[in-house]
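A.B. asks: got a predicted structure here, sequence first:
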Amino acid sequence: MFLGSKHCQHCGAAAAVAEVSEAKDRKCPRCRSELSSVTLGSTALRECDQCLGLWLDVATFEKVCADREQQSAVLGLASPAPTHAVRETSKVKYVPCPECAQLMNRINFARCSGVIVDVCKGHGTWFDRDELSRIVAFIRGGGLAAARDREKAEIQEARRQLAAEQTLADNPMARLSEDDDRRLTGIASARGLLNFLLG
């Protein structure tokens with residue numbers, strides 16, 4: 001995107017605009033420096049100038065996950081090369097929420113994305129450098145839809161198993177299928193043979 005452009009020439013998303021105001025009393029959970037307010041498309045978020053991490057409140061992150069224009073803005077956001085050394089974090093460390101200062105939970109986004117983010121359930125999500133872009137790429141690649149489909153299938157299977165267990169609990173003499181009958185006969189035969197040999 002060209003400097004001064006209002007929209008991306010490829011996708012049409014609104015350009016990110018940095019604001020000069022500082023976030024009051026909100027510190028980066030990694031390096032404890034003040035977070036700056038940044039506008040991404042039409043969405044306001046907080047950014048750390050030291051480690052290039054991002055803080056999104058719950059509603060903002062949901063908006064980014066659902067809105068393709070916001071996703072385009074995230075993918076079009078090219079972090080300028082920092083003028084200082086960026087602190088890389090290789091050691092796993094639980095960090096405090098910028099809002100309530102309670103330690104956040106570390107979760108694998110969508111349980112299968114491979115992107116581990118820090119989440120405060122009531123306030124928002126902390127993204128280390130490039131994690132938000134990786135999540136948007138995961139969503140656009142169909143990963144979130146596939147994860148939802150997999151979760152629906154797991155729930156349906158669990159319900160089916162629960163219904164089958166309930167049917168057997170209500171009627172212990174429920175008719176067995178031919179496969180179940182053969183397996184039980186085989187188990188009984190094996191037990192009989194074992195008892196005969198040991199007996």
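C.D. replies: Yep, it's here. Worth saying up front: this structure is predicted, and the values here are computed from it rather than measured.

A.B. asks: show me where the chain has its helices.
C.D. replies: 58-66, 68-76, 131-140, 143-170, 178-198 (DSSP state H).

A.B. asks: lowest-confidence stretch among the ones you listed?
C.D. replies: Out of the helices of the chain, helix 178-198 stands lowest, with a mean of 60 (criterion: mean pLDDT).

A.B. asks: can you list contacts of stretch 54-61?
C.D. replies: In this structure, residues lying in contact with stretch 54-61 by CB atoms under 8 Å, 6 or more residues apart in numbering are 26, 35, 43-48, 64, 98, 122-127, 131-132. For the C-beta atoms, the positions are set from N, CA and C on the backbone; glycine is no exception.

A.B. asks: dump it to CSV, keeping only the CA atoms.
C.D. replies: Below are the C-alpha coordinates for stretch 54-61, written out as CSV (Å, rounded to 0.1, in the frame of the first residue of the first chain):
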residue,chain,number,x,y,z
LEU,A,54,-1.6,-6.0,19.6
TRP,A,55,-4.4,-5.8,22.2
LEU,A,56,-8.0,-6.3,20.9
ASP,A,57,-11.0,-6.2,23.1
VAL,A,58,-13.6,-9.0,22.8
ALA,A,59,-15.9,-7.2,20.4
THR,A,60,-13.1,-5.9,18.2
PHE,A,61,-11.6,-9.4,17.8
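
A.B. asks: ok, and for it, which residues are buried?
C.D. replies: By 16 or more other CB atoms under 10 Å, the buried positions in stretch 54-61 come out as Leu54, Trp55, Leu56, Asp57, Thr60, Phe61.

A.B. asks: now do stretch 104-115
C.D. replies: The neighbour-count check on stretch 104-115 (16+ other CB under 10 Å) flags Met104, Phe109, Ala110, Ser113, Val115 as buried.

A.B. asks: phi, psi for Arg32 please.
C.D. replies: Backbone geometry at Arg32, expressed as degrees, to the nearest 10, gives phi 70, psi 20.

A.B. asks: what's the burial count for it?
C.D. replies: 11 (other CB atoms under 10 Å).

A.B. asks: roughly how far does it sit from Thr60?
C.D. replies: Distance, Arg32 to Thr60, using CB to CB, to the nearest Å: 22 Å.

A.B. asks: thinking Ser113 is in contact with Phe138, fair?
C.D. replies: Yes. With contact defined as CB atoms under 8 Å, Ser113 counts as touching Phe138 (4.5 Å).

A.B. asks: between the buried residues of stretch 54-61, which is closest to Asn171?
C.D. replies: For the buried residues of stretch 54-61, the minimum distance to Asn171 (CB to CB) is 48.0 Å, reached by Phe61.

A.B. asks: OK, contacts around Ser33?
C.D. replies: Residues near Ser33 by CB under 8 Å, 6+ apart: Lys27, Cys48, Asp49, Gln50.

A.B. asks: tabulate those residues (CSV), appending distance to Lys91 and neighbour count.
C.D. replies: Output for the contacts of Ser33, formatted as CSV (distance: CB to CB, whole Å; neighbours: other CB atoms under 10 Å):
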residue, distance to Lys91, neighbour count
Lys27, 20, 17
Cys48, 18, 27
Asp49, 22, 18
Gln50, 17, 18
